[in-house]
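Peer 1: Got a predicted model here, sequence first, then my questions.
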Amino acid sequence: MMQINIPEVLAEVTAAWERYNRAVNTNDVAVMNELFWQGPLTVRYGAGENLYGHDEIARFRGSRKGPIDRAIGRAVITTFGHDFATAFCETQVAGATRRGRQSHTWVRADLGWRIVAAHVSSMEGT
């Protein structure tokens, strides 16, 4: 039977997820790139782009324009066994009228927890 939210695994994923979100807010491209799995099958669907493979994602990250004043709202992180997790959260950029959504699929890789799939979108008028 698969174990859900093993406390130590949940703590590891939560720490990696928090590190990633700090990197997004401060525009720490090196950390963002580090936390995405470095493979050709990594996927990131953004608000205006579909990116396939770590190389495309890293190129996109390099074009970002500095820090972002973004708050994290409700978040749900769930681990499945010792090596797989999902993380979903709501976001709000200061001054924006739309509320954002972010989802990640995390896998324990050789170098630690890595995002293998991500999606970012926003909701109109919320």
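Peer 2: Structure's in. What do you need?
Peer 1: What pLDDT is listed against the most centrally placed residue in the chain?
Peer 2: By Cα atoms, centre = their mean, the mean C-alpha position of the chain lies nearest to residue 104, the distance being 4.8 Å. Note for residue 104: predicted pLDDT of 98.
Peer 1: As a check, name the ranges of all strands in the protein.
Peer 2: Along the chain, counting by DSSP state E, strands occupy 43-45, 50-52, 70-80, 84-93, 99-109, 112-123.
Peer 1: Against which helices or strands is the second one packed?
Peer 2: I take that to be strand 50-52. Packing partners of strand 50-52 (3 or more Cβ pairs under 8 Å, 6 or more residues apart in numbering; DSSP states H and E): strand 43-45. All C-beta atoms are positioned from the backbone trio N, CA, C, and that covers glycine.
Peer 1: and the strand it packs on, which strands flank it?
Peer 2: Here strand 43-45 has these sheet partners by DSSP bridges: strand 50-52 (antiparallel), strand 112-123 (parallel).
Peer 1: picking that back up, nearest spatial neighbour of the residue nearest to the centre of the chain, chain-adjacent residues omitted?
Peer 2: In space, residue 104 comes closest to residue 87 once its chain neighbours are excluded; the distance is 4.5 Å by Cβ to Cβ, 6 or more residues apart in numbering.
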